[in-house]
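S.K.: Sequence and computational prediction follow.
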Amino acid sequence: MPNDCDVAFLSHVVHIFDIDKSITLLNKIYDSLPSENGTIIISEWLLNDEKTGPIPSALMGLTMIVENSGGRGYSYNEILQMLTKVGFKNMERRPLIEPAEIVIGYKK
C-alpha cells in the first residue's frame, strides 16, 4: 500500500483468509497508514455473535469454507478483536444495505 494514503478500504476481503492471515494483512495495513488520521474501513457480511445468521452472511461463510483454505465468515466481535490486536482504536459499526455492514477503525 502506498505510504501517502490516509484510508484503507477492504471490501469483502477479510473473509477470504483465516484469522492469522487476516491479522497479518491488517497489521501491514496498520503499519502503512499515517499515525495521524489513519483509518481502515472493512465492508463484510457480518455474522451475528452466535454465527447462525443472518442467512446471507452464514451462506457466504459456508461458501468461503468450501472454496478457500481457511476462509470463513466473521462476526463483528471477531473483526473488532483482530483490529484491536493490531492497534486500531475507537471502532465503529455501521449498517449498509443488508446484509452488508462496515467496520471502521482508527489509528488515533
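M.R.: That came through fine.

S.K.: going forward, measure contacts between C-alpha atoms and count neighbours the same way
M.R.: OK.

S.K.: Okay, now the unreliable bits of this structure?
M.R.: Where the chain drops to pLDDT under 70, the residues are 1.

S.K.: can you give me the helices in it?
M.R.: 19-32, 55-67, 76-86 (DSSP state H).

S.K.: ok, residue 49 - contacts?
M.R.: 75, 76, 77 (C-alpha atoms under 8 Å, 6 or more residues apart in numbering).

S.K.: Serialize the residues you listed to a markdown table and add fields for neighbour count.
M.R.: Shown next, in a markdown table, are those (neighbours: other C-alpha atoms under 10 Å):
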| residue | neighbour count |
| --- | --- |
| 75 | 18 |
| 76 | 19 |
| 77 | 13 |
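
S.K.: closest to residue 41 among the residues you listed?
M.R.: Using C-alpha to C-alpha, residue 76 comes nearest to residue 41 of these, at 12.8 Å.

S.K.: now the closest one, nearest residue through space, not along the chain?
M.R.: residue 46 (6.1 Å; C-alpha to C-alpha, 6 or more residues apart in numbering).
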